[in-house]
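Novice: this is a predicted model, with the sequence first.
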Amino acid sequence: MFGRAEINEVFTPRNSEVNKTMYIEREALEKELFRSIKGSMHSFLFGESGNGKSWLYKKVFSDKKIEYVVANCARASMKKSIVDEIYSVCVQNGTSQKVSYSETKKAGVKALATAELSHQGNYELKQEDRLIESFIALNENSNSKPVVIVFDNVETIFKNNELMSELSDIIILLDDSRYSQYNVKFLIVGVPNQVLEYFSSAKNPSSVGNRIQEISRVAGLVPGQVVTFCENGFQHHLKVNIGETQLKRLARHVYDITLGVPQRIHEYCEGLSYILEDNKWTYQPTLLDLADHDWLRKGLRENYSVIEAYLNSDETANGRRNQVIYALGKIAHHQVNTETIGKQIAIEFPNNCPRSKSGIGQVLSNLAKGDKPVLKKIAHSSSYSLTDPRYLMCIRIMLHKDETSENVRKKLFKLS
Ligand SMILES: Nc1ncnc2c1ncn2[C@@H]1O[C@H](COP(=O)(O)OP(=O)(O)O)[C@@H](O)[C@H]1O
Ligand SMILES: [Mg+2]
């Protein structure tokens, strides 16, 4: 309780199991998910990768003792069938006894006696029957309590018409009493926010969309949550010697460069912890440079080199270019254009703000060129969006403004 915890138990960027001691509560989302699961519709949970969708449902289901199994859409896409994936998590993950029980029931004792059937894989059930088989197995395992089947990583099949339409069919089938008697409910989880749109416009419009309820987007953590996270990890678990003011500044830095994405926050703090360990668990602000470097090297290498090449090669006058990219880094919204960047430059560089907007458009359009564009043009508009949030993370690490001179300084790292 009072000793120092192990770093790899505190910061766990890729753990699929929820680490309860480091879990940041998300009260509104948790409540919304729970109510939706209790309700009569299926649920849909979405948000960018790494924002904590999987941890969210695992945490809620464990708190509320809700039984669930996770069907992985990536595996369904390998198997070319959703039902096969459902079957494998519901039936084959159960005891072998369960399998033979259901196989016996299906095939009948007489059939089982034939050599042909005892040889597994020789008999293919019709897909609908497989679904029923799966539900029966789930229902037996849960002693008839309701069970949630989670379809995680739906983005991996979103572009696959066959699988998406299979998923729609299954959702519709679930209304049929032959299936609904088993008390099974679906939670669809994934990155694309167009899933609901898809289901609403799928071949059976009035049916699928109306059976699914969307939960608010799982976004990144807010600054206050990152402070709690850092207090918990660094002060409480790792006993780092750091004052309250410094901790708040550290948390702000972590928030700014990770954009509040939980997975990134864990990654960054894990790297920083090893640096702190080497510094006898004493914090100094200068250690952040080392941690930035470490984080870039481990997770953002490619994005870094794109931005670096860009910073060094674009022909636009240096000062102007750096102002534009710095302003881009400051704007956290999804879309930018000459106008919004111009306004941001006026805020950031009140004493060195060029009178015209010339040059801004040039820098933005250059960032949208080449084989690794940083920005992409939004159709039918003069705005751009980032092709990858990691570029924003890199820009925030690499460009700094000197508050007195308003000069933008480039901080370049050697990653090779
Ligand atoms: N509420 C949370 N509090 C603290 N860390 C979290 C939280 N949610 C997620 N994480 C961290 O982020 C990582 C990614 O979360 P995950 O749920 O797998 O994201 P997603 O499913 O949206 O891609 C987790 O391994 C964990 O380290
Ligand atoms: Mg996930």
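Specialist: Alright, I've got the coordinates. Ligands and ions are numbered 1, 2, ... in the order given.

Novice: mind listing the strands for the stretch 101-250 of the chain?
Specialist: 147-152, 184-190, 212-214 (DSSP state E, counting those that start in this stretch).

Novice: of all the ones you listed, which one is nearest Ile66?
Specialist: Of all these, strand 147-152 sits nearest to Ile66, with 6.1 Å by Cβ to Cβ. C-beta here means a position set from N, CA and C on the backbone, and glycine is covered the same way.

Novice: quick one: the closest one to strand 184-190, angle?
Specialist: For strand 147-152 against strand 184-190, the angle by axes from the mean of the first three to the mean of the last three Cα atoms, to 10 degrees is 20 degrees.

Novice: if we can go back for a sec, need the strands of the stretch 101-250 of the chain in TSV (columns: distance to Met78 and mean pLDDT).
Specialist: Converted to TSV, the strands of the stretch 101-250 of the chain look like this (distance: least, Cβ to Cβ, whole Å; pLDDT from 0 to 100):
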stretch	distance to Met78	mean pLDDT
strand 147-152	14	96
strand 184-190	17	95
strand 212-214	25	93
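
Novice: now these in a markdown table, with distance to Leu163 and mean neighbour count?
Specialist: Output for the strands of the stretch 101-250 of the chain, formatted as a markdown table (distance: least, Cβ to Cβ, whole Å; neighbours: other Cβ atoms under 10 Å):
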| stretch | distance to Leu163 | mean neighbour count |
| --- | --- | --- |
| strand 147-152 | 10 | 22 |
| strand 184-190 | 12 | 23 |
| strand 212-214 | 16 | 18 |
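
Novice: how is the chain partitioned into domains?
Specialist: Per automatic domain parsing, the structural domains of the chain span 27-214, 221-299, 301-410.

Novice: turn those into TSV, columns for distance to ligand 1.
Specialist: TSV is the format used below for the domains of the chain (distance: least, Cβ to the nearest ligand atom, whole Å):
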stretch	distance to ligand 1
domain 27-214	3
domain 221-299	3
domain 301-410	13
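
Novice: which residues of the stretch 1-150 of the chain fall in helices?
Specialist: Assigned by DSSP state H, counting those that start in this stretch, the helices in the stretch 1-150 of the chain fall at 7-10, 27-38, 53-63, 73-79, 82-87, 96-113, 115-118, 127-141.

Novice: off-centre distance for the first one?
Specialist: Spelled out, it's helix 7-10. Chain-centre distance of helix 7-10: 21 Å, with Cα atoms, centre = their mean, to the nearest Å.

Novice: which other helices and strands does that helix contact?
Specialist: The elements that helix 7-10 packs onto, with contact taken as 3 or more Cβ pairs under 8 Å, 6 or more residues apart in numbering; DSSP states H and E, are helix 262-278.
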